[in-house]
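Q: Provide a 3D model corresponding to the input given below.
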Amino acid sequence: MAGRMRPGGLKYVWMNFVNSLKLRRDTRVLMGDDYLGNKYFEQKTNSKEEDRTRTMRSYEPRNEETWEQVPPEWEAWLRNKRPDAPTREEIAGNLELMKQKQDNAKKLEAKRLTEIAAGETYGQLQPEDPTAAVPFPKYDDIYDKPTMKGGPSARDHTIR
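A: Numbering: from 1, shown residues only. I've put the predicted structure just below:
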């Protein structure tokens, strides 16, 4: 037998067991938190090539039942859609804008309901004579081509 023997499976299992018992330092950096209580972390890991580092982003939910609730600003940061973590001012501004839109939607809905109760049609166009046939529209710029003489067919298309 020339040279050293390769370590067997038992040594491999033993080394993994010993490595699992070693204390590891948490290298995650707290980047911020949100109004739901979630905490967001960033961790830089070295790849096998010394020049490159990879950034891993993660979060810890406040409780396990609400792990799906992540604000859109933080979700974009987690998915590497934005390079920097969102600031508290940005999140507060977006929350204020969201509340303003909800208030405007409630006002529009109340206005729509009062107009419907008064018998007015809200946002609907009513034809002058509902029984009249409406001709199919013809567009001259489309039918000027030599392959489409006279439109789709010789018949007069109407919607009844």
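Q: so what's the residue count around Asn38?
A: 19 (other C-beta atoms under 10 Å). Every C-beta, even on glycine, is put in place using the N, C-alpha and C of the backbone.
Q: now Arg88: closest residue in space, sequence neighbours ignored.
A: Excluding the flanking residues, the one nearest Arg88 by C-beta to C-beta, 6 or more residues apart in numbering is Gly32, at 7.7 Å.
Q: surely that neighbour forms part of a helix?
A: No. According to DSSP: H, G, I helix; E, B strand; the rest coil, Gly32 belongs to no helix; its state is strand.
Q: how many neighbouring residues does it have?
A: Here the number of neighbours of Gly32 (other C-beta under 10 Å) works out to 18.
Q: and it, what does it touch?
A: When contacts are counted by C-beta atoms under 8 Å, 6 or more residues apart in numbering, Gly32 touches 39-40, 74, 85-86, 88.
Q: and Asp84, what element?
A: Under DSSP states H and E, no helix or strand contains Asp84.
Q: burial measure for it, as a count.
A: Neighbours around Asp84, by other C-beta under 10 Å: 8.
Q: what about the residue lying closest to it once chain neighbours are set aside, distance to Glu64?
A: Nearest non-adjacent residue to Asp84, counting by C-beta to C-beta, 6+ apart: Trp77, 7.6 Å away. With distances taken as C-beta to C-beta, to the nearest Å, Trp77 is found 22 Å from Glu64.
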